[in-house]
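Q: sequence and computational prediction follow.
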Amino acid sequence: MKWKAALILLLLIALPAQALAAQAEVELKTEPAQPKVGFPHSAQYPSETLITILVKDGSGVPLRGAEVNLEIAHRKSGSIFGTGFPWAEGVTILATKARAPEGRLEFAYIFPIRGDYNAKVEVKPTPDSPAFEPIMREFTLDVGERPESVRNAVLLFGVLFLFGGVVGYVFSKR
């Protein structure tokens, strides 16, 4: 009988406090699902991307009052065709700390340049939130170029190519 009590006492002492706390889950969603660069504004592709961070406990119930630290950084482009703004590549473009009163943090953001972004989300409990183990997750956001911009660039290069061909033909005949 004494060994059972000693075993139970040992287990209670050995169990870390974090095992008793709820495990938090973090989701990051964007609307539209495939964000685009924010300029120019068009009805089909809005300038703003709605970013939603959901903080839930292990059973899927929103965690009220959690503190959310968010950092969004542009990843350096390794391709030949970079973003066109090399001084902005690899730079942290947003760093903020906010509370998610209902387990949800939502805001609109305009991405300045195309490319991959790394979003680091760290969620911590606050005195007025349920106890849970702090969690840190990283997400990748792929921000594309607007179709209108791609179309306009192709048209510009096509016109320049034709103009160069005509000028070359004219000067070669002289």
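A: Thanks, I have the structure now.

Q: check contacts around the residue sitting nearest the centre point of the chain.
A: Nearest to the mean C-alpha position of the chain, by Cα atoms, centre = their mean, lies residue 119 at 3.8 Å. Residue 119 makes contact with 28, 70, 71, 72, 138, 139, 140, 141 under the criterion Cβ atoms under 8 Å, 6 or more residues apart in numbering. Quick note: C-beta positions are derived from backbone N, CA and C, even for glycine.

Q: for the fourth one, give me its contacts.
A: For residue 72, the contact set (Cβ under 8 Å, 6+ apart) comprises 92, 93, 94, 95, 109, 117, 118, 119, 120, 141.

Q: so the residue lying closest to residue 32 once chain neighbours are set aside versus residue 170, what's the distance?
A: Sequence neighbours aside, residue 49 is the residue nearest to residue 32 in space, at 7.0 Å (criterion: Cβ to Cβ, 6 or more residues apart in numbering). To residue 170, residue 49 is 48 Å away according to Cβ to Cβ, to the nearest Å.

Q: looking at those two, which has the bigger crowd around it?
A: Set residue 49 next to residue 170 and count neighbours by other Cβ atoms under 10 Å: residue 49 wins out with 21 against 9.

Q: show me what that one bridges to in the sheet.
A: Judged by DSSP bridges, the bridge partners of residue 49 are residue 109.

Q: so it is in contact with residue 106, correct?
A: No. With contact defined as Cβ atoms under 8 Å, residue 49 does not count as touching residue 106 (11.4 Å).

Q: outline the domain layout of this structure.
A: 13-143, 147-174 (automatic domain parsing).
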